[in-house]
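> predicted model and sequence follow; I will ask about them next.
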Number of protein chains: 2
Amino acid sequence: MPARASSRTSESSDKVSVICRALRRAIIEQALEPGAKLPEDALGERFGVSRTIARHALGQLAAEGLVELRRNRIAVVATPSWQEARDAFDIRIELERLVVRQLAGKLTKAQIAELNAHVDAEDRARGGTDAVSIRLATEFHILLAHMTNSPILVRYVSEVAYRCCLTLSLYSRPHSTECAINEHRAIISALAKGDAAKVMELMHHHLDSVANRALVAPTPQRGRDLLDILAPYADEVTSDRVVKLPKIARRG
Amino acid sequence: MPARASSRTSESSDKVSVICRALRRAIIEQALEPGAKLPEDALGERFGVSRTIARHALGQLAAEGLVELRRNRIAVVATPSWQEARDAFDIRIELERLVVRQLAGKLTKAQIAELNAHVDAEDRARGGTDAVSIRLATEFHILLAHMTNSPILVRYVSEVAYRCCLTLSLYSRPHSTECAINEHRAIISALAKGDAAKVMELMHHHLDSVANRALVAPTPQRGRDLLDILAPYADEVTSDRVVKLPKIARRG
DNA sequence: AGCGCTCGAATTGCATGCAGTTTGGGGCCC
DNA sequence: GGGCCCCAAACTGCATGCAATTCGAGCGCT
């Protein structure tokens, strides 16, 4: 059985979804950096909708972990901690091993062609900006997930992949896409051969090496992170006894 | 290292979150059955808020997969297909294996006591309704996830566990909680011993057996599912050429 | 100059109103 | 009697308005 029927994965075509998609893309391409402010008015005006819609979109993005929402405060692009980034990658590894396990030996010729075409596109994009390369690499993984025809799996892989994208932009240095592309090709060929164990191992190694290249060290908190450093220590105060930190961290 | 600092997992205390929690619970306790209608007005009135808020809550729940939202139509409690249920369990197995792998040998005495206390509560609830038993069993798994202190993992495990809860209520028969409780105890003791491989195996078997007990067969589509049966066949039409099905399926 | 304080502008939280769509029931025709 | 159509009621999609809160620039004090 090559595939189940394709299924509507919510996210239809109402205005909220459109804005979500636009923002998601802007975030993973780093047009919007982590910490960037997202006022409802501004979004609404930019996309030609009311605050209500913009607000709703921010809610969805927050549920996906791409945006941070604090009561009465301007929404900002999420700034995952190093630990959260590591957690995301750990989850991603398990999910994507599941993806390729389900897919091994089950792909049609057309699907394999589609995957190869995508990697070709990645190849062509090597001259372009890092952001586009990263986006394409991420979309390769999402394309794989789609081929399982499991809407739930698609959703989780997409979400966690986007989150990883986000952390890459935070903690990663230059980023060599070369080997990633080769690894993608290796995965495709192992999938075609139908060697489930092999392809799971390849995927595991692929993601692990991406993670390790990116999340180099428990990074001595570069930049804005003073608040994060202090957060654990302030964590025992009850939520109403909020510690008013002195103004240290500059804001985006 | 027993634990990282506890972290705010969104879902603070605004009205939207309150409604989400209430509905979530109502759904997993089957007070609201799959297919039940959720009109914005009614929710708003019941919870003393405006439609805006109710609507937003429904949006969140839809993102979690507990509610189905179709444009211009009343929201309904999700009715996962058998295949979706199976997919959810597959994902859940991988995620929870990750949970116990991270937890094995890392739990404090206090945490083990907390787990045991929870299972005791499950035990005491055996006389009560099925719905409560199922909820408690689910909450055991979520409690485990919390102990990893990985907010992302907590979120995914919670979501997928709730989804499984929902499918249990759809496809499962009487449900014997006995063995589940014993399996929970076995997992706790293996966690305490720190045998990661063993506990992963236990968790895998536990969830697999719950799934198999529940999702007995590719169920010959009992009840409402005529539309689902036909869906794949209608799937090649483009979205504007919608096939108008004759009025067959009665609605909730 | 540096620090804190205050107050207007910016922004969010939420309710309400209006327009467009869906729903379902009653009447009409066969 | 059964099927079809039409229409009012129900409901959603979305914008706007108002109150409450936060933000941040400027002012005065040290």
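In hand now; what should we look at?
> any residues touching stretch A:86-101, and which ones?
A:80, A:141, A:144-145, A:148, A:153, A:156-157, A:160-161, A:163-164, A:167, A:187, A:191, A:196, A:199-200, A:202-204, A:207-208, A:210-211, A:215, B:90-91, B:94-95, B:97-98, B:102, B:150-153, B:156 (C-beta atoms under 8 Å, 6 or more residues apart in numbering or on different chains). Using the backbone N, CA and C atoms, a C-beta is placed for each residue, glycine as well.
> ok now the helix or strand in which residue A:191 is found, how far from the chain's centre?
Residue A:191 is part of helix A:178-193 when elements are defined by DSSP states H and E. Distance of helix A:178-193 from its chain centroid, counting by C-alpha atoms, centre = their mean, to the nearest Å, is 20 Å.
> and it, what's buried?
Neighbour-count burial for helix A:178-193 flags A:180-181, A:183-184, A:186-192 (criterion: 16 or more other C-beta atoms under 10 Å in any protein chain shown).
> that helix: what's the following helix or strand?
Elements were assigned by DSSP H and E; along the chain past helix A:178-193, the next helix or strand is helix A:196-214.
> average pLDDT for that following helix?
Here helix A:196-214 scores 92 as its mean pLDDT.
> can you tell if that helix touches chain B?
No: judged by C-beta under 8 Å from any C-beta of the partner chain, helix A:196-214 makes no contact with chain B; its nearest approach is 11.2 Å.
> where does the stretch 51-200 of chain A dip in pLDDT?
Regions of the stretch 51-200 of chain A meeting the criterion pLDDT under 70 cover residues A:173-179.
> could the buried residues of helix A:178-193 go into TSV alongside distance to residue A:24?
Listed next are the buried residues of helix A:178-193 as TSV, based on distance: C-beta to C-beta, whole Å:
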residue	distance to residue A:24
A:180	21
A:181	23
A:183	25
A:184	22
A:186	28
A:187	24
A:188	26
A:189	30
A:190	30
A:191	27
A:192	31
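> what about stretch A:98-108, start to end distance?
18 Å (C-alpha to C-alpha, to the nearest Å).
> what comes up buried for it?
Quick answer for stretch A:98-108 (16+ other C-beta under 10 Å): A:98-104, A:107.
> out of the residues you listed, who's nearest DNA strand D?
Sorting these by distance to DNA strand D puts residue A:99 at the head of the list, at 31.4 Å, by C-beta to the nearest atom of the strand.
> correct me if wrong: residue A:51 contacts residue A:39.
No: using C-beta atoms under 8 Å, residue A:51 makes no contact with residue A:39, being 9.2 Å away.
> got the residues of chain A near DNA strand D?
A:14-16, A:44, A:48-53, A:72-74, A:251 (C-beta under 7 Å from any atom of the strand).
> give me that answer again for 6 Å
Proximity of chain A to DNA strand D, by C-beta under 6 Å from any atom of the strand, involves residues A:14-16, A:49-53, A:72-73.
> so which of these reach DNA strand C?
Okay, of those touching DNA strand C (C-beta under 6 Å from any atom of the strand), that's A:51-52, A:72.
> which one of these sits closest to residue B:135?
Residue B:135 lies nearest to residue A:72 out of those, by C-beta to C-beta, at 33.0 Å.
> quick one on the thing from earlier: by neighbours, which of the residues of chain A next to DNA strand D wins?
residue A:16 (21 neighbours; other C-beta atoms under 10 Å in any protein chain shown).
> which SSE is it in?
Residue A:16 belongs to helix A:15-28, assigned by DSSP H and E.
> and that helix, C-alpha only, in PDB?
Extracted in PDB, the C-alpha atoms of helix A:15-28 (Å, rounded to 0.1, in the frame of the first residue of the first chain):
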ATOM      1  CA  LYS A  15      -7.500  34.700   7.100                       C
ATOM      2  CA  VAL A  16      -6.000  33.400  10.300                       C
ATOM      3  CA  SER A  17      -4.300  30.600   8.600                       C
ATOM      4  CA  VAL A  18      -2.900  32.900   5.900                       C
ATOM      5  CA  ILE A  19      -1.300  35.100   8.500                       C
ATOM      6  CA  CYS A  20       0.000  32.100  10.400                       C
ATOM      7  CA  ARG A  21       1.700  30.800   7.300                       C
ATOM      8  CA  ALA A  22       3.200  34.200   6.500                       C
ATOM      9  CA  LEU A  23       4.500  34.700  10.000                       C
ATOM     10  CA  ARG A  24       5.800  31.100  10.300                       C
ATOM     11  CA  ARG A  25       7.800  31.600   7.100                       C
ATOM     12  CA  ALA A  26       9.100  35.000   8.100                       C
ATOM     13  CA  ILE A  27      10.200  33.500  11.400                       C
ATOM     14  CA  ILE A  28      12.000  30.500  10.000                       C
END
